[in-house]
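Chemist: sharing a model prediction with you, sequence too.
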Amino acid sequence: MAKRYELYKCDICGNIVWVMHGGDGALVCCGEEMRLLPPQTAEMALEKHVPIIEEIEGGYRVTVGSTLHPMTDEHYIEWIALCTADQNHIAFLKPHQEPSVDFLIQGEPLFLYEYCNLHGLWQNDLKGVDHGKHDVKPAEEVAAAPQAEETEVTADFDKTKYLCTACQYIYDPVVGDVDGGIEPGTSFADLPEDWVCPVCGVSKDMFEVYEG
């Protein structure tokens, strides 16, 4: 069931749909169900993606990152959105523009979105409101998940950790991904082919060996 404010993407043609009215049916494009884009809320190690807000005369200024996000032809912010309780405001950007937008609006902002052409959807939830994130957790929450399961894993398996290059989530075989149905003690190589990053939803081929 699609919920209001959720975003879905077609992995075949790249179409992105922002749900304005939720319903029971599946969203389909190119003959396949569209993939929910879970909003990320943690900052990456090298580039800042979380949109920040400041009040200005007559409205608000939204800037992507405490240090400005790159805006090159290869890597840039496609759009920034500001949402209040009853209004959505969106500004589309192009390479070489500043990743900053002034929204001259009234009303209290509830949350911000921005979409990076390489690293996907990012959100700043200003009021802690549940906007239909489903079971996807922020990166820092996933990383801080209880580690009690480690003591129960005794089998010999490949404990190599893997890093998601899109959002910096680290898959630890000792911990697994219990919320995603992956038991502790599951090596990365043994993950199902349809397993995706629990934070940003990318596939296994977007992971690399974690050297930390």
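Modeler: The structure has been received and is ready for your questions.
Chemist: how far away is the residue nearest the centre of the chain from T165?
Modeler: What sits nearest the mean C-alpha location of the chain, by Cα atoms, centre = their mean, is Q40, with 2.9 Å. With distances defined as Cβ to Cβ, to the nearest Å, the gap from Q40 to T165 amounts to 13 Å. The way it works is simple: take the backbone N, C-alpha and C, and place the C-beta from them, glycine included.
Chemist: ok, Y171 next?
Modeler: In this view, Y171 and T165 are 12 Å apart by Cβ to Cβ.
Chemist: which of those two has more residues huddled nearby?
Modeler: Y171 (24 against 17; other Cβ atoms under 10 Å).
Chemist: which residues are in contact with L93?
Modeler: M71, Y76, I77, E78, W79, I80, P99, V101 (Cβ atoms under 8 Å, 6 or more residues apart in numbering).
Chemist: if we can go back for a sec, so the residue nearest to the centre of the chain makes contact with V199?
Modeler: Yes: using Cβ atoms under 8 Å, Q40 is in contact with V199, at 6.1 Å.
Chemist: quick revisit: what are the bridge partners for the residue nearest to the centre of the chain, then?
Modeler: W122 (DSSP bridges).
Chemist: quick check: it vs P184, distance?
Modeler: Distance from Q40 to P184, by Cβ to Cβ: 24 Å.
Chemist: again with Y60
Modeler: 44 Å.
Chemist: do the same with Q97
Modeler: 46 Å.
Chemist: tally of neighbours for the residue lying closest to N15 once chain neighbours are set aside?
Modeler: Distances taken as Cβ to Cβ, 6 or more residues apart in numbering put C29 closest to N15, at 5.2 Å, once the chain neighbours are dropped. Close neighbours of C29, defined as other Cβ under 10 Å, add up to 18.
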